[in-house]
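Undergrad: Give me a 3D structure for the following:
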Amino acid sequence: MPEISIAPSMLCADFRRLGEQAREVAEAGAQWLHFDVMDGWFVDAISFGPLVIEALRGETELHCNAHLMVGNPTKHIESFARAGADSLFVQRETLTQPAHVLAHIRSLGLLAGLVFNPATPVAGLETIADQLDLVLLMTVEPGTAGQEFMASVLPKIRQTRELLEEFNPEARIAVDGGVDPNTAPELVAAGAEILICGSYLFEHPEGLSAGIESLREAVSGGG
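TA: Numbering: from 1, shown residues only. Next comes the predicted model:
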């Protein structure tokens, strides 16, 4: 079984104490911090930008990933690199030449990831697989936390895993949307290796640490 990384989504954290919650995430055993960057164009909501990541870099050594849900991601790539992001996800739907954008991200020393919304096919992924470090498959529509998991994306996760096994087996698959102990095992079985999770973890009645532990137990067969 591949190593599974848990990536709490800071969009669901308490904005009044982001630094404290970043430290809690690390102490609870998560591997990533995930930042949903929204500009009110690609999705309706507006969230936060590179200054938040820059501020939190002093609070944690965890891998910081930014998902650019923005209308023109190319003009923001360098600012997120300077802020201290370790990886960037860009939406396939916003790009006409994804290979060039992914190569630019990698040239700055970051891991490069491509995001596919639920309705966006992954056909043609093999043509740019050599520029990919990560693929994010949305299991909800982007832009709003707390949505219901879309099981219809599971076949696409399996398809993506098969494509990557042939053309770039080092690339990892992330999933985002409706991740909890009920859905995580089937996501991992389909090929997901990075579980981005917001509402379930930050709203867990026993606290963030208990939420992360229950998610890890579920994917390891202990829950």
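Undergrad: Could you pull up the contacting residues of the residue most central in space within the chain?
TA: In the chain, the residue lying closest to the centroid (CA atoms, centre = their mean) is residue 196, at 5.2 Å. Going by CB atoms under 8 Å, 6 or more residues apart in numbering, residue 196 touches 7-9, 32, 34, 136, 174-177, 179. To be clear about C-beta, it is placed using only N, CA and C from the backbone, and glycine gets the same treatment.
Undergrad: For this protein, just list every one of the strands.
TA: Using DSSP state E, the strands of the chain run over residues 5-8, 32-38, 63-69, 87-91, 111-116, 134-138, 172-176, 194-197.
Undergrad: In JSON lines: those strands, plus mean pLDDT.
TA: Below are the strands of the chain laid out as JSON lines (pLDDT from 0 to 100):
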{"stretch": "strand 5-8", "mean pLDDT": "97"}
{"stretch": "strand 32-38", "mean pLDDT": "96"}
{"stretch": "strand 63-69", "mean pLDDT": "97"}
{"stretch": "strand 87-91", "mean pLDDT": "97"}
{"stretch": "strand 111-116", "mean pLDDT": "98"}
{"stretch": "strand 134-138", "mean pLDDT": "98"}
{"stretch": "strand 172-176", "mean pLDDT": "98"}
{"stretch": "strand 194-197", "mean pLDDT": "97"}
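Undergrad: Which one, of those, ends up nearest to residue 76?
TA: Closest of those to residue 76 is strand 63-69, at 6.1 Å (criterion: CB to CB).
Undergrad: Tell me which other helices or strands the closest one touches.
TA: Contacts defined by 3 or more CB pairs under 8 Å, 6 or more residues apart in numbering; DSSP states H and E place strand 63-69 against strand 32-38, helix 50-56, helix 77-83, strand 87-91.
Undergrad: Mind putting the ones you listed into a markdown table with distance to residue 142 and mean neighbour count?
TA: Formatted as a markdown table, those follow (distance: least, CB to CB, whole Å; neighbours: other CB atoms under 10 Å):
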| stretch | distance to residue 142 | mean neighbour count |
| --- | --- | --- |
| strand 32-38 | 8 | 25 |
| helix 50-56 | 18 | 17 |
| helix 77-83 | 17 | 18 |
| strand 87-91 | 8 | 25 |
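Undergrad: Let's have those in JSON lines, adding distance to residue 203.
TA: Listed next are the helices and strands packed on strand 63-69 as JSON lines, based on distance: least, CB to CB, whole Å:
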{"stretch": "strand 32-38", "distance to residue 203": "16"}
{"stretch": "helix 50-56", "distance to residue 203": "21"}
{"stretch": "helix 77-83", "distance to residue 203": "27"}
{"stretch": "strand 87-91", "distance to residue 203": "23"}
